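Engineer: below are the sequence and a predicted model; questions follow.
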Amino acid sequence: MQPPIPQWFIPVPPTGEDLLRKDCNYIGILMLCLTAGMQLSFTLLALALVAFGVLSPQQLTMENLGLDNTAFLLVYACSYILAMGLPAVVVSLCSKRRYFPLSPAKPCSGGVAFWLVLLGVGVCMLANVITNLLLSFFFWIDIPIPDPPQMIVNTPTSLMLGLFVMAVLPALLEEMVFRGYVLRTLRPYGDGFAILVSAILFALMHGNLRQIPFALVVGLVLGWIVTATENIWLAVAVHFANNALSVILEYFGLSMSDSHAAVMNVLVIGLVGLLGFAVALYTYRRYPWLFEKRGNSPHPLSLPKALLTALRAPAFALALIAFVILTIVGMKI
């Protein structure tokens with residue numbers, strides 16, 4: 001007969017809070033590497049082009065590296081892929097997150113997909129309205145807001161490359177990171193918590209007050225779409241459609257006066273926003289199961305407890321601090 005095992009020797013299974021703290025440290029490391037990549041990738045790529053003789057040292061001080069629009073967009077695309085895609089894949093593999101991030105892809109009927117993409121784009125337009133109101137308030141209280149960079153010029157080639165760089169790549173890579181890795185990692189602790197945290201990180205990643213309010217609302221709706229349908233590709237489609245519409249409006253606005261371009265933007269954004277609101281009501285009536293609360297989380301935590309646990313993860317807290325500091329620094333530039 002074997003002697004009884006001492007009580008202190010019996011391993012204690014980790015609690016939901018222990019698992020969440022570990023997952024949030026992974027997410028924090030991912031965000032820190034992402035931040036470093038976004039700050040350094042363009043500079044390092046430019047220096048590499050100088051080292052290989054593609055650029056001259058003098059071009060480093062020139063606007064757009066002294067390149068024409070096509071060449072600059074190609075360089076920007078490469079730096080964006082390095083900054084957004086590479087850190088996420090490397091950190092996730094090192095953390096043994098060995099799954100395809102652009103999943104799940106649960107089959108979704110054409111009707112559901114069509115209406116959800118319309119709804120998502122409409123919410124994005126309404127988020128534009130909210131953001132513009134906030135920007136007006138920031139301007140009124142004298143908070144500096146940086147102007148958006150001018151990325152495209154009035155040529156078809158620039159439009160096509162602009163759609164690739166500012167619509168296709170962000171839709172794939174940002175959804176891979178924030179819905180494919182972050183949201184998926186946090187869903188075991190509650191869908192609401194996962195949607196909220198992934199949206200906050202998605203917003204702060206943009207690093208400026210012009211985009212943060214908009215990205216927060218968009219991140220919430222994209223997270224909801226993924227959890228409601230178990231299909232991340234619908235979020236990719238909404239993300240692409242929103243960014244593509246923005247690029248197209250910017251392109252046509254180049255050939256208009258500022259006042260005419262502003263009227264065009266207000267009309268398009270307003271009409272699509274109202275359409276999205278109508279589609280949301282229709283979708284709620286036609287597909288009520290999309291709006292039902294799901295309680296299949298294996299380690300459910302209350303939202304306050306989950307948020308407090310996340311903040312206790314050192315890497316996660318450090319990543320939040322880094323995002324906030326970069327946003328404040330961006331206000332001063």
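Structural biologist: Okay, I see it.
Engineer: geometric centre of this protein: which residue is closest?
Structural biologist: Most central in the chain under Cα atoms, centre = their mean is residue 202, positioned 3.9 Å from the mean C-alpha point.
Engineer: by contact count, what packs against the helix or strand residue 117 falls within?
Structural biologist: Using DSSP states H and E, residue 117 falls within helix 110-140. Packing partners of helix 110-140 (3 or more Cβ pairs under 8 Å, 6 or more residues apart in numbering; DSSP states H and E): helix 212-229, helix 232-253, helix 258-286. Yep, even glycine has a C-beta here, placed from its N, CA and C like the rest.
Engineer: and the first one, what other elements does it pack with?
Structural biologist: Going back to what we said before, that points to helix 212-229. Using 3+ Cβ pairs under 8 Å, 6+ apart, helix 212-229 sits against helix 110-140, helix 191-205, helix 232-253.
Engineer: need those helices in a markdown table with distance to residue 329 and mean pLDDT, can you?
Structural biologist: Formatted as a markdown table, the helices and strands packed on helix 212-229 follow (distance: least, Cβ to Cβ, whole Å; pLDDT from 0 to 100):
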| stretch | distance to residue 329 | mean pLDDT |
| --- | --- | --- |
| helix 110-140 | 16 | 84 |
| helix 191-205 | 13 | 95 |
| helix 232-253 | 25 | 93 |
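Engineer: of all these, which one is nearest residue 213?
Structural biologist: Judged by Cβ to Cβ, the one of those that comes nearest to residue 213 is helix 110-140, at 4.7 Å.
Engineer: in that closest one, what's buried?
Structural biologist: 112-113, 115-128, 131-132, 134-135, 138 (16 or more other Cβ atoms under 10 Å).
Engineer: wait, which of the helices and strands packed on helix 212-229 is closest to residue 39?
Structural biologist: helix 191-205 (11.8 Å).
Engineer: who's in contact with that closest one?
Structural biologist: The contact list for helix 191-205, computed with Cβ atoms under 8 Å, 6 or more residues apart in numbering, reads 27, 31, 34-35, 38, 174, 178-179, 182-187, 211-213, 215-216, 218-220, 222-224, 227, 294, 297, 301, 303, 306-307, 310, 319-320, 323-324, 327.
Engineer: hmm, 6 Å instead?
Structural biologist: 178, 182-183, 186-187, 212, 215-216, 219-220, 223-224, 227, 294, 303, 306, 323 (Cβ atoms under 6 Å, 6 or more residues apart in numbering).
Engineer: mind naming the longest helix for the chain?
Structural biologist: Longest helix in the chain by number of residues (criterion: DSSP state H): helix 16-51.
Engineer: contacts for the helix or strand harbouring residue 158, please.
Structural biologist: Assigned by DSSP H and E, residue 158 belongs to helix 156-163. Helix 156-163 has contacts (Cβ under 6 Å, 6+ apart) with 69, 70, 73, 152, 244, 247, 251.
Engineer: export it to CSV, keeping only CA atoms.
Structural biologist: Written as CSV, here are the backbone C-alpha positions of helix 156-163 (Å, rounded to 0.1, in the frame of the first residue of the first chain):
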residue,chain,number,x,y,z
PRO,A,156,-5.3,55.7,-61.6
THR,A,157,-2.1,53.9,-60.6
SER,A,158,-2.0,55.8,-57.3
LEU,A,159,-5.7,54.9,-56.7
MET,A,160,-5.0,51.2,-57.3
LEU,A,161,-1.9,51.1,-55.2
GLY,A,162,-3.7,53.2,-52.5
LEU,A,163,-6.5,50.7,-52.4
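Engineer: name the helices or strands packed onto the following helix or strand past it?
Structural biologist: Beyond helix 156-163 in the direction of the C-terminus, DSSP H and E gives the next helix or strand as helix 169-175. Counting contacts by 3 or more Cβ pairs under 6 Å, 6 or more residues apart in numbering; DSSP states H and E, helix 169-175 packs against helix 232-253.
Engineer: buried stuff in the helix it packs on?
Structural biologist: 232-247, 250-253.
Engineer: that one - contacts with which helices or strands?
Structural biologist: Using 3+ Cβ pairs under 6 Å, 6+ apart, helix 232-253 is in contact with helix 110-140, helix 156-163, helix 169-175, helix 212-229.
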